[in-house]
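> sequence first, then the predicted structure, then my questions.
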Amino acid sequence: MQKKTVGKSKVSSKQGNKLLHQMMLIRRFEEKSAEAYTETKIRGFLHLYSGEEAVAVGVTQALGENDNVLSTYREHGHAIAKGLDPKTIMAEMYGKQEGCSKGRGGSMHLFDASKKFFGGSAIVGGHLPLAVGMALASKKQNLDNITCCFFGEGAGAEGEFHESMNLASLWKVPVLFVCENNLYAMGTAIRFTHSIQELEKRGDSYGIPSASVDGMDLLAVMDAVKKAVSTIKKTGGPYFLVCNTYRFRAHSMFDAELYREKSEVEEWKKKDPIPKFRDYLLNANLLSEKEVDAIEKSVEKEVDEAIDFAENGTWEDIRDLTKFVYSEKEAE
Amino acid sequence: MSKMIKITYREALKQALREALQTDEKVFLMGEDVGRYGGAFAVSKGFLEEFGPDRIMDVPLSESGFTGAGIGAALGGMKPIVEVMTVNFSLLAMDQIINNASTLLHMSGGQVNVSVVIRMGCGIGSQLAAQHSHSWEPFYAHVPGLIVLSVGVHEDARGMVLTALKSPDPVILFEYTSMLNMEGEIPENSGEVDISKAKVRRSGNDISLITYGTGVYKCLEAAALLAEDGIDAEVLDLRVLRPMDEESILESISKTHRALVVEDAWRSVSISSEVSARIMEKGFFELDLPVERLCGVEVPMPYPKHLETAALPQPMDIADKVKKMLRS
Ligand SMILES: Cc1ncc(C[n+]2csc(CCOP(=O)(O)OP(=O)(O)O)c2C)c(N)n1
């Protein structure tokens, strides 16, 4: 394999191992989730991230513990990459009270404030203004953290996207907008939803530095995000990064996929970010076949443990139904 | 009498939309994923092939924009049917619906009509959690200028949209995704239905179960349970949430002298509050018992099944409540 398709960024063998591990963990986690859905253990809407792993992993590795992340309903990958325990994520999807949102949220509403992971939002575009506000709060308090907001290209058609871009630029707040352009918003292809399909051009109209990157290539994403974060740190203002990617699976578990050809999906699967990065590591002698096997085994075990944890979780008492409507904290 | 046929709620909605598109060239359907995806709930599956992209318009995720554009198209002389994929997303379109659709006739001193039909899928009860389990009927029913319809039975699924298209004023249609696969019987020649009156779905003498939407079949089920105990409940389907058909409500309670109002929406400031208040104002002396209500528990909808079930009135709860009322 040649290295020419991958980006410039060099990774150490330790870092490479960790990143490959994360991507493989996310992939396996999603496969198991789909199985659990078929067994009706998980219900409601379930949106899988398979195919897009390089984006969550590539972007999040550049963030610090204090950096905030907000995401959509397709957020298992971002949550894992931000360090949430797969056990509590799986328990959440089972609706058990050991889940990261106490079972109240399910697949679309993963939260872990201690990890600075603020959801899991299921109204398309609804979390963009929140991200601007969190960044505004950082600015007002002179904190040096940034806020990273993931969303799909479909969200880019919502008014809230445009309002948020304008506000972030106007107020010069440290927010990283990451658009995961997987070409489809449910069943509607980008050419039917955007007047300008090179979405990074949108940055210009708001005076926001922006770039697009091959989101199927981890190293390329890492390069792009490195530049994005250093720009934010330097200017204190926003950055808009478009990651061009593809979802291998249906939009959700209810989708018959009438809107795209199987052959198109197969073509994209050839660009699978996981084997691409694995082969890079192997070819560069940063990783051995044995180590890849070890990752595979470890990932399998972690996901099995997550399932066990969720299976053994407990149901919340029905008498607590109206909990968490108002705070139990005293007013200050 | 026309022959009865079996039909799913989805098929009934679909036939009605097809008929509307076939009979009036000015009618067009616009909404997210109505075309290539076949409709988020497969209601418009095959329409794109049959009617083409000018009449079956896939729109971007821009609820405020395309709903407003639908209202504008109505002003411009077309007959748009705007589909808001689910009621939850209609919050983004609410400004257009309330500040434009409901007010233009009045603000213009009666010069311009907004003859638009806005359909919304309401899907509560499938563990979709807090952002996807809203019952916004009370919000819209609050607004003068709107006609708010709730499609609680198959016959209305087959007919309401057709009548709504003839209305000179904006119509909001609530459709219920939890009923899509449910089969029902309707006359073979079903079509336009009245959109001004409530309707008795089961006649009874002991108590009026007043409801709408998903409450209708639930109350019918409860009434069947009650019948086993010799209790004869009447089920009144409100159908038209605005303007509310007060007359039918008063007629029903003057026969039964008791009322239980049932809805999935939260209790405070709801349709049931309104029904109860109207009975107090105009039917108080007909009552043998205070009016009671069974509504959604006031909590953002939790994801786990057992909590979700506990948050919504179930047929058993309705039957139990009635028995308690009649015992007192
Ligand atoms: C405001 C709003 N409108 C519609 C929906 C229904 N919906 C959920 S996801 C989705 C597609 C979003 O596509 P995109 O933003 O590209 O993200 P992707 O799902 O591809 O990751 C739609 C239409 C919603 N959840 N919120």
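Ah, there it is.
> which intervals of the chain have sub-threshold pLDDT?
Going with chain A. Applying pLDDT under 70 to chain A flags residues A:1-9.
> my question was about chain B
In chain B (pLDDT under 70), the answer is B:1.
> quick one: the helices in it?
B:9-23, B:47-51, B:63-75, B:94-95, B:104-107, B:137-141, B:154-164, B:215-228, B:246-256, B:271-283, B:305-311, B:315-327 (DSSP state H).
> dump those helices to a markdown table, plus distance to residue A:271 and mean neighbour count.
For the C-beta atoms, the positions are set from N, CA and C on the backbone; glycine is no exception. Converted to a markdown table, the helices of chain B look like this (distance: least, Cβ to Cβ, whole Å; neighbours: other Cβ atoms under 10 Å in any protein chain shown):
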| stretch | distance to residue A:271 | mean neighbour count |
| --- | --- | --- |
| helix B:9-23 | 37 | 20 |
| helix B:47-51 | 30 | 16 |
| helix B:63-75 | 33 | 21 |
| helix B:94-95 | 41 | 14 |
| helix B:104-107 | 50 | 14 |
| helix B:137-141 | 45 | 23 |
| helix B:154-164 | 44 | 25 |
| helix B:215-228 | 49 | 22 |
| helix B:246-256 | 62 | 18 |
| helix B:271-283 | 52 | 19 |
| helix B:305-311 | 39 | 18 |
| helix B:315-327 | 52 | 17 |
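> save those helices as a markdown table, and put in distance to chain A too.
Converted to a markdown table, the helices of chain B look like this (distance: least, Cβ to the nearest Cβ, whole Å):
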| stretch | distance to chain A |
| --- | --- |
| helix B:9-23 | 13 |
| helix B:47-51 | 10 |
| helix B:63-75 | 6 |
| helix B:94-95 | 10 |
| helix B:104-107 | 21 |
| helix B:137-141 | 16 |
| helix B:154-164 | 20 |
| helix B:215-228 | 19 |
| helix B:246-256 | 30 |
| helix B:271-283 | 19 |
| helix B:305-311 | 5 |
| helix B:315-327 | 13 |
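> export those helices to JSON lines and tack on distance to residue B:117?
JSON lines is the format used below for the helices of chain B (distance: least, Cβ to Cβ, whole Å):
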{"stretch": "helix B:9-23", "distance to residue B:117": "9"}
{"stretch": "helix B:47-51", "distance to residue B:117": "16"}
{"stretch": "helix B:63-75", "distance to residue B:117": "9"}
{"stretch": "helix B:94-95", "distance to residue B:117": "17"}
{"stretch": "helix B:104-107", "distance to residue B:117": "16"}
{"stretch": "helix B:137-141", "distance to residue B:117": "13"}
{"stretch": "helix B:154-164", "distance to residue B:117": "5"}
{"stretch": "helix B:215-228", "distance to residue B:117": "21"}
{"stretch": "helix B:246-256", "distance to residue B:117": "24"}
{"stretch": "helix B:271-283", "distance to residue B:117": "21"}
{"stretch": "helix B:305-311", "distance to residue B:117": "30"}
{"stretch": "helix B:315-327", "distance to residue B:117": "31"}
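> closest one to the ligand among those?
When the helices of chain B are compared by Cβ to the nearest ligand atom, helix B:63-75 sits nearest the ligand, at 5.8 Å.
> what about whichever residue of the stretch 1-150 of chain A sits closest to the ligand, how many residues nearby?
Closest to the ligand within the stretch 1-150 of chain A is residue A:124: 3.6 Å, counting by Cβ to the nearest ligand atom. Around residue A:124 sit 25 other residues, with neighbours defined as other Cβ atoms under 10 Å in any protein chain shown.
> contacts only, for it.
A:72, A:151-152, A:154-155, A:158, A:185, B:61, B:89 (Cβ atoms under 8 Å, 6 or more residues apart in numbering or on different chains).
> go back to those and keep what's next to the ligand.
Counting by Cβ under 6 Å from any ligand atom, A:151-152, A:154-155, A:185, B:61, B:89 from these sit close to the ligand.
> return the subset of the residues you listed lying in strands.
Mapping those onto strands (DSSP state E) picks out A:151-152, A:185.
> give me the subset of the residues you listed that also touch chain B.
Applying Cβ under 8 Å from any Cβ of the partner chain to those, one finds that residue A:185 fall near chain B.
> neighbour count for the ones in strands among the ones next to the ligand among the contacts of residue A:124 - can I get that in a markdown table?
Shown next, in a markdown table, are those (neighbours: other Cβ atoms under 10 Å in any protein chain shown):
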| residue | neighbour count |
| --- | --- |
| A:151 | 26 |
| A:152 | 25 |
| A:185 | 25 |
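> dump the ones in strands among the ones next to the ligand among the contacts of residue A:124 into JSON lines; add distance to residue B:285 as well.
Below are these laid out as JSON lines (distance: Cβ to Cβ, whole Å):
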{"residue": "A:151", "distance to residue B:285": "58"}
{"residue": "A:152", "distance to residue B:285": "59"}
{"residue": "A:185", "distance to residue B:285": "57"}
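> tell me the one of the ones in strands among the ones next to the ligand among the contacts of residue A:124 nearest residue B:135?
residue A:185 (25.8 Å; Cβ to Cβ).
> who in the stretch 51-200 of chain A is up against chain B?
Going by Cβ under 8 Å from any Cβ, the residues of the stretch 51-200 of chain A near chain B are A:95-96, A:103-106, A:108-109, A:121-126, A:154-155, A:157-159, A:185-189, A:192-194.
> among the residues you listed, which ones are in helices?
Reading helices off these with DSSP H, I get residue A:159.
> just the buried residues from the residues of the stretch 51-200 of chain A next to chain B, in ChimeraX please.
Filtering these down to the buried ones (16 or more other Cβ atoms under 10 Å in any protein chain shown) takes a single ChimeraX command:
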select /A:95,96,103,104,105,106,108,109,121,122,123,124,125,126,154,155,157,158,185,186,187,188,189,192,193,194
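> can I assume residue A:72 is in contact with residue A:153?
No. Residue A:72 lies out of contact with residue A:153 (Cβ atoms under 8 Å); the separation is 11.6 Å.
> and the contacts of residue A:124 as JSON lines, adding distance to residue A:280?
Below are the contacts of residue A:124 laid out as JSON lines (distance: Cβ to Cβ, whole Å):
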{"residue": "A:72", "distance to residue A:280": "29"}
{"residue": "A:151", "distance to residue A:280": "28"}
{"residue": "A:152", "distance to residue A:280": "27"}
{"residue": "A:154", "distance to residue A:280": "31"}
{"residue": "A:155", "distance to residue A:280": "31"}
{"residue": "A:158", "distance to residue A:280": "36"}
{"residue": "A:185", "distance to residue A:280": "31"}
{"residue": "B:61", "distance to residue A:280": "35"}
{"residue": "B:89", "distance to residue A:280": "41"}
